[in-house]
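A.B. asks: This is a predicted model, with the sequence first.
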4 protein chains.
Amino acid sequence: VSGPSRKNFTSDNVTGAAAEILAALAAANSGTAAGYGADEWSARLTGRASEVFERKVAILPVTTGTAANALALGLLAPAHGAIYCHETAHVMTDECGAPEFYSGGAKLLCLPGAAGKLSPGSIATSMAFIGTMGVHHVQPAAVTISQATEWGTVYSLAEVDALARVAHEHRLAVHMDGARFANALAHLGCSPAEATWKRGIDVLSLGATKNGALAAEAIVLFDPSRAAELAFRRKRGGHLWSKLRFLSAQLLAYFEDELWLRHARHANALAARLGKGLVELGGRLQAPVEANEVFVSLPEALVAGLRAAGYEFYDWISPPGGSGPVIRLVTAYDMQRADVNALLDAARTVRRD
Amino acid sequence: VSGPSRKNFTSDNVTGAAAEILAALAAANSGTAAGYGADEWSARLTGRASEVFERKVAILPVTTGTAANALALGLLAPAHGAIYCHETAHVMTDECGAPEFYSGGAKLLCLPGAAGKLSPGSIATSMAFIGTMGVHHVQPAAVTISQATEWGTVYSLAEVDALARVAHEHRLAVHMDGARFANALAHLGCSPAEATWKRGIDVLSLGATKNGALAAEAIVLFDPSRAAELAFRRKRGGHLWSKLRFLSAQLLAYFEDELWLRHARHANALAARLGKGLVELGGRLQAPVEANEVFVSLPEALVAGLRAAGYEFYDWISPPGGSGPVIRLVTAYDMQRADVNALLDAARTVRRD
Amino acid sequence: VSGPSRKNFTSDNVTGAAAEILAALAAANSGTAAGYGADEWSARLTGRASEVFERKVAILPVTTGTAANALALGLLAPAHGAIYCHETAHVMTDECGAPEFYSGGAKLLCLPGAAGKLSPGSIATSMAFIGTMGVHHVQPAAVTISQATEWGTVYSLAEVDALARVAHEHRLAVHMDGARFANALAHLGCSPAEATWKRGIDVLSLGATKNGALAAEAIVLFDPSRAAELAFRRKRGGHLWSKLRFLSAQLLAYFEDELWLRHARHANALAARLGKGLVELGGRLQAPVEANEVFVSLPEALVAGLRAAGYEFYDWISPPGGSGPVIRLVTAYDMQRADVNALLDAARTVRRD
Amino acid sequence: VSGPSRKNFTSDNVTGAAAEILAALAAANSGTAAGYGADEWSARLTGRASEVFERKVAILPVTTGTAANALALGLLAPAHGAIYCHETAHVMTDECGAPEFYSGGAKLLCLPGAAGKLSPGSIATSMAFIGTMGVHHVQPAAVTISQATEWGTVYSLAEVDALARVAHEHRLAVHMDGARFANALAHLGCSPAEATWKRGIDVLSLGATKNGALAAEAIVLFDPSRAAELAFRRKRGGHLWSKLRFLSAQLLAYFEDELWLRHARHANALAARLGKGLVELGGRLQAPVEANEVFVSLPEALVAGLRAAGYEFYDWISPPGGSGPVIRLVTAYDMQRADVNALLDAARTVRRD
């Protein structure tokens, strides 16, 4: 049985929920359950996440990635503080000031860096300057990195190590925006522990929504002693579900039988195939394809032709003097290999015409 | 077929989701949909809500009642403003400062009032005082009332009229916390329009979670021109779902075939029966039972006996010199008449012993 | 030589600056001085305040009492926190939400109490209730008391002891709003140390403006380890003077030769005389006259007559069923005994007519 | 009569207060005066400022430049808003997050630009990008420029015109940080009106402290209708002096007999002479000397020699590949021509050795 080809490559959040997730919701819908996290699903989630990350963690589910990031950064930085981030970071450009809101007005200090990655050197340089400014300058309290990055690349373990080291030397906490953490993990091929706290990550925003959940993200604290304060902050932000079992149940299903990793490996493989195919058609990748996103510059006619054929994707900021417009194509857990092949076929047809 | 009797009367948020709601989620889970509210379910919801309220409204779904209230009040009151509320209001005692957070630090000014209701006179008196204080005092910008109230009572239409009149005379916006709005509406027996904007309500927090949704609340703006600003505020609070169709679909199902009113009438009827039964057993109601909550003082032995029989409910603040401890019993959409009868039977048994 | 009688009894902030203060400003105006507190006057102030309070303190000068209170409370309470205060407290009614602003939205929890004083019992009762509310309620973090109070009374040392004890038992910090601290100290007749940290006060807002300064208040931290954070908060609030020597010099002069206490004793004595005189004329004191304020209910004709004779003072909130309107009369450091006598003479004349 | 040469060139805020300012304080210190701005000096100040700026303005005195800027920007930008500024702007690097604090967390968007100046093009480009981002990005609401700039340059009238035009086309308010406005005005040689609202400036932070006041800055609103809201914000920030006459009196004296312009012309002339002299000695100016600051790179030995001779000044950020370290030298209203000559003599001596 084959339906019509999927032509929407705009984002992984245009997907619905995986069958396993919906089934988990239905299964959790039996009888009464204590509200606000005092239910058995939420208790099990803490245990399960501690197994997944190989240490005792606190995990606080919320509904959106913006909430997870902003709550995490608000915990780490005081109102008169500052947070280092890459200049393309989601927290900087796509969250409408949520980190400032949840931190009471801390400043995001943007740093440049190739392939969407922060460099330890740029942090050290900035800290040296700020060290001369005394009370006049906001005081950096944290570093946040996106893993996978906003350019679809993945920090190597050594890169995370180096960043965390320089951060901790300056008493900065390290936060990882893992909206696509599963995709990064699938690329790295290591354990969740190896990718996070063993590298020096203090707090992780763990995304599930883009990778198969209905709506489920979580803040993972590798130091659970801060969970009590975070719980007040979550409530105060209006992010504590009364029927929290329905968030916890999604995350339990997400971890079950490695659903998250199976989804991510699948999406990553499709993106790799898509990137390779477009390069063969003359495209130029803007960054290595390491997760489930392809940033590629294509001849203008090819971009127009794909759109004419019904394909949807976003225009991206094009570098000056580049070789054609840059577009972003995103694969997802529920996309088929045939969908990618169909896009490449359509591209070939455009090229021929 | 009869299962074990339901013995949890602690709250209406211990319930799961109604079958109609879960079915709506499953039905919405087909194909891709544009993110962040640009989907067809969200578009339909605006139309549907405008029909329900008999005028063009803006409706912004969120996940929790705290979020709905705090976003609404943040829209209505500036940081140097103030908001009148009843001293028992949920926004004052149960939201961990969320209204202050979303308003940037506005002050909640608590006023007393019988049966959980604000009185126009107390607002006018306070405004007269504040009018003498100039720049030294925060400036009231809004009034918020809970409908149904925190004592399970329902403002009459005339009472809302009178409050809104005095509020508007002083240029105060009027917000209604409708976490149990359906229950109030079922009691009033009027149309949603009659209960809200025709009375002078400017903004409504519309609750669905306690009354059958998985997690769905909404801010209803009777003046849709403020929706653009509210949309930025919602995003900034981390309350904009990427897969918003799954919130909108719940609310569409909530309105469908008057599911909300059928649920509310059922729960109200059970509460009325429960209250009547307990009064016959010697209980003293602390407030008229007009929605789905019963606040009743009972002999201490009776309270203990019910707990011994497995019943769950909350102790409430007891008035000094009262006739025994006050407890709160909450009925819900998914509770059976037999469950209420069983509780009353158990109470009778305790009394006899 | 006698000038016209001073007839303005509205407030102690209608006064100008004492000659000693202006002289100190002129003396500090020599040569260049490092900005932002790195000057010699500021260094000396720390030493001088530590002598005055008989322990190492940190003292951060600011310009207004509102700034001092709000910065102090912002340091003590997190955004999701709460602060106990008397329902008449200046921080509650006269600072336009500054404590909420500087704390990021913490809630002021108002408690009643006779003679403008908080009682330990009301704090304990409230804490017991909040202890049952979990994450839903803001968490008290501090208690603030006004010394002298807003009703012109002074907490006894035993009263402060009892309050601080219950506060610390509940891990609440204790702040003293000492806008009229010198007046309280003059009444108590004890040392500054006895009146503050030896009683359990953690942070003091020390007022000088009402008592002779041009504009000078200070936050005194009895635990200087928190000064570094407070310094960032002060800068961020825009309260760090570049030419800070001109604030520090005022406070040095304020302490010099006990200027502050001489001023306060003088004003207190005038208030006592004024209160006694008015009682003899039929007035009823609303609270004991222990500092430099008199709250008294007088026959309506007497109030009108004094105003007709050119006297200025504020109407105060009158208790229901009282014996005539309540007015507030404030004496000050620069008022003469003859001014008080003249008012009493004028009152006698009105009475006779 | 000649005293020792003044050797402190670190900043214009190391100066004391001008004799005229101190005299004005003493003159204002007579009798009682209504508090909080209801005094005659404050009333006169509004009239005087309206004459100076040739239109009806509102002027709200505060104590620090940080307070003036942050209050102004907080008025112009909502919490979910953004403010364009130059990457070297004082509001970005020297105010410890005060603009974020007073705006409730708005984001400062930094743009580069030669000689410390924003360019209209960079604003237009950024607005075009943000226009594609919808609810996900903070919404620019204002532009702020420093006049004189942080590099001691002065925007020409045409440059301000062009910036204000592009700003207003995008509905952005325009704020001018005039910590050194008098110096800019002295350079431009035009009227205050020509330099501000006739160019499109909406709000001005007017500095006096660096130019002779003890501590006095002001927010000038060219649209006085916003003054009422600003008054609440000022109070809430703790910036409303009770004895406000002492701030207003300083500003009245500042305008009297063009004291502000005489001071600024003097300081500017000294800086021009200093810059010219250092260039003759091999220095390279980093920016034209148009106000009272000189940014110059000098041979390392010369810098060291001046310090050895007792001169004080700040190191500045040096451009890569430059011709020696960059230092900043600031002249001031109270510096003598002989002081500048002495520095240049000392430099010549070092060069010879």
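C.D. replies: That came through fine.
A.B. asks: Can whichever strand or helix holds residue A:218 be said to contact chain B?
C.D. replies: Counting by DSSP states H and E, the element that carries residue A:218 is strand A:217-221. No. Judged by C-beta under 8 Å from any C-beta of the partner chain, strand A:217-221 and chain B are separated, with a smallest distance of 9.4 Å. C-beta: built from backbone N, CA, C; applies to glycine.
A.B. asks: which helices and strands sit right next to that strand?
C.D. replies: Contact here means 3 or more C-beta pairs under 8 Å, 6 or more residues apart in numbering or on different chains; DSSP states H and E; on that basis strand A:217-221 packs against strand A:58-62, helix A:65-76, strand A:203-207, helix A:227-236.
A.B. asks: So what touches it?
C.D. replies: With C-beta atoms under 8 Å, 6 or more residues apart in numbering or on different chains as the contact definition, strand A:217-221 has outside contacts at A:49, A:53, A:57-65, A:67-68, A:71-72, A:179, A:196, A:202-209, A:227, A:230, A:234, A:251.
A.B. asks: tell me, which of those residues make contact with chain B?
C.D. replies: Okay, of those touching chain B (C-beta under 8 Å from any C-beta), that's A:62-65, A:67-68, A:71, A:209.
A.B. asks: Quick one: those residues as a markdown table, columns for pLDDT and neighbour count too.
C.D. replies: A markdown table is the format used below for these (pLDDT from 0 to 100; neighbours: other C-beta atoms under 10 Å in any protein chain shown):
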| residue | pLDDT | neighbour count |
| --- | --- | --- |
| A:62 | 98 | 27 |
| A:63 | 96 | 29 |
| A:64 | 98 | 26 |
| A:65 | 98 | 27 |
| A:67 | 98 | 28 |
| A:68 | 98 | 30 |
| A:71 | 98 | 27 |
| A:209 | 98 | 25 |
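A.B. asks: Looking at these, which is nearest chain B?
C.D. replies: Nearest to chain B among these, counting by C-beta to the nearest C-beta, is residue A:67 at 3.0 Å.
A.B. asks: The closest one and residue A:237 touch, don't they?
C.D. replies: Yes. At 6.7 Å, residue A:67 counts as touching residue A:237 under the criterion of C-beta atoms under 8 Å.
A.B. asks: Now do the same for residue A:3: its pLDDT.
C.D. replies: Predicted confidence (pLDDT) at residue A:3: the value is 56.
A.B. asks: could you dump the helices and strands packed on strand A:217-221 to JSON lines with distance to residue D:173?
C.D. replies: Supplementary listing: the helices and strands packed on strand A:217-221 in JSON lines, determined by distance: least, C-beta to C-beta, whole Å:
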{"stretch": "strand A:58-62", "distance to residue D:173": "35"}
{"stretch": "helix A:65-76", "distance to residue D:173": "27"}
{"stretch": "strand A:203-207", "distance to residue D:173": "35"}
{"stretch": "helix A:227-236", "distance to residue D:173": "31"}
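A.B. asks: To chain D, which of these lies closest?
C.D. replies: Go through those one by one with C-beta to the nearest C-beta and the one that ends up closest to chain D is helix A:65-76, at 8.8 Å.
A.B. asks: how far does that closest one sit from the chain's center?
C.D. replies: Its chain's average C-alpha position is 13 Å from that of helix A:65-76, according to C-alpha atoms, centre = their mean, to the nearest Å.
A.B. asks: can you tell me how far the closest residue to residue A:112 other than its chain neighbours sits from residue D:264?
C.D. replies: Counting by C-beta to C-beta, 6 or more residues apart in numbering or on different chains, residue A:87 is the residue found nearest to residue A:112 once chain neighbours are left out, at 5.4 Å. For residue A:87, the distance to residue D:264 under the criterion C-beta to C-beta, to the nearest Å works out to 38 Å.
A.B. asks: Please apply the same query to residue A:195.
C.D. replies: Relative to residue D:264, residue A:195 is positioned 59 Å away (C-beta to C-beta).
A.B. asks: before we move on, what about residue A:115?
C.D. replies: Between residue A:115 and residue D:264 the computed distance is 49 Å (C-beta to C-beta).
A.B. asks: which of those two has more neighbours?
C.D. replies: residue D:264 (27 against 16; other C-beta atoms under 10 Å in any protein chain shown).
A.B. asks: what kind of secondary structure is the more buried one in?
C.D. replies: Taking DSSP: H, G, I helix; E, B strand; the rest coil as the rule, one finds residue D:264 in the helix state.
A.B. asks: now residue A:160
C.D. replies: helix.
A.B. asks: Give me the three-state assignment for the residue in the stretch 101-250 of chain A positioned nearest to chain D.
C.D. replies: Among the residues of the stretch 101-250 of chain A, residue A:105 lies closest to chain D, at 3.7 Å counting by C-beta to the nearest C-beta. Assigned state for residue A:105: coil (three-state reduction, three-state DSSP).
A.B. asks: Does the longest strand anywhere in chain A reach chain C?
C.D. replies: Counting by DSSP state E, the longest strand found in chain A is strand A:139-146. Yes. Figure legend: strand A:139-146 in contact with chain C (C-beta under 8 Å from any C-beta); contacting residues residue A:139.
A.B. asks: Quick one: work out the angle between that strand and strand A:203-207.
C.D. replies: Computed with axes from the mean of the first three to the mean of the last three C-alpha atoms, to 10 degrees, the direction of strand A:139-146 lies at 30 degrees from that of strand A:203-207.
A.B. asks: helices and strands around strand A:139-146, which ones?
C.D. replies: helix A:65-76, strand A:81-86, helix A:120-130, helix A:157-169, strand A:173-178.
A.B. asks: Please list all residues in contact with the residue sitting nearest the centre point of chain A.
C.D. replies: Centre of chain A computed as the mean C-alpha position; nearest residue by C-alpha atoms, centre = their mean is residue A:179, 1.9 Å away. By C-beta under 8 Å, 6+ apart, residue A:179 lies in contact with A:65, A:90, A:146, A:205, A:207, A:210, A:217.
A.B. asks: Leaving out chain neighbours, which residue sits closest to the first one?
C.D. replies: What that stands for is residue A:65. Using C-beta to C-beta, 6+ apart and skipping residues adjacent in sequence, the residue nearest residue A:65 is residue A:179, 4.6 Å away.
A.B. asks: do the fifth one as well
C.D. replies: Sequence neighbours aside, residue A:179 is the residue nearest to residue A:207 in space, at 3.9 Å (criterion: C-beta to C-beta, 6+ apart).
A.B. asks: any idea whether the nearest residue in space to residue A:67 that is not next to it in sequence is helix, strand or coil?
C.D. replies: Spatial nearest neighbour of residue A:67, chain neighbours left out: residue B:238 (3.0 Å); criterion: C-beta to C-beta, 6+ apart. Secondary structure of residue B:238, reduced to three states by three-state DSSP: coil.
A.B. asks: Can you report phi and psi for residue B:238?
C.D. replies: Backbone dihedrals for residue B:238, given as degrees, to the nearest 10, come out at phi 80, psi 20.
A.B. asks: That one against residue A:70, yeah?
C.D. replies: Yes. Counting by C-beta under 8 Å, residue B:238 touches residue A:70, with 5.5 Å between them.
A.B. asks: ok, whichever residue of the stretch 101-250 of chain A sits closest to chain B - contacts?
C.D. replies: Checking the stretch 101-250 of chain A residue by residue against chain B with C-beta to the nearest C-beta singles out residue A:238 as nearest, at 3.0 Å. The contact partners of residue A:238, taken as C-beta under 8 Å, 6+ apart, are B:62-64, B:66-68, B:70-71, B:95, B:98, B:102, B:237, B:239.
A.B. asks: which one of those residues is nearest residue D:279?
C.D. replies: Of all these, the one sitting nearest residue D:279 is residue B:237; the distance, using C-beta to C-beta, is 54.9 Å.
A.B. asks: Need the phi and psi values for that closest one.
C.D. replies: Backbone geometry at residue B:237, expressed as degrees, to the nearest 10, gives phi -80, psi 0.
A.B. asks: For it, give me the pLDDT.
C.D. replies: According to the predicted model, the pLDDT of residue B:237 comes to 98.
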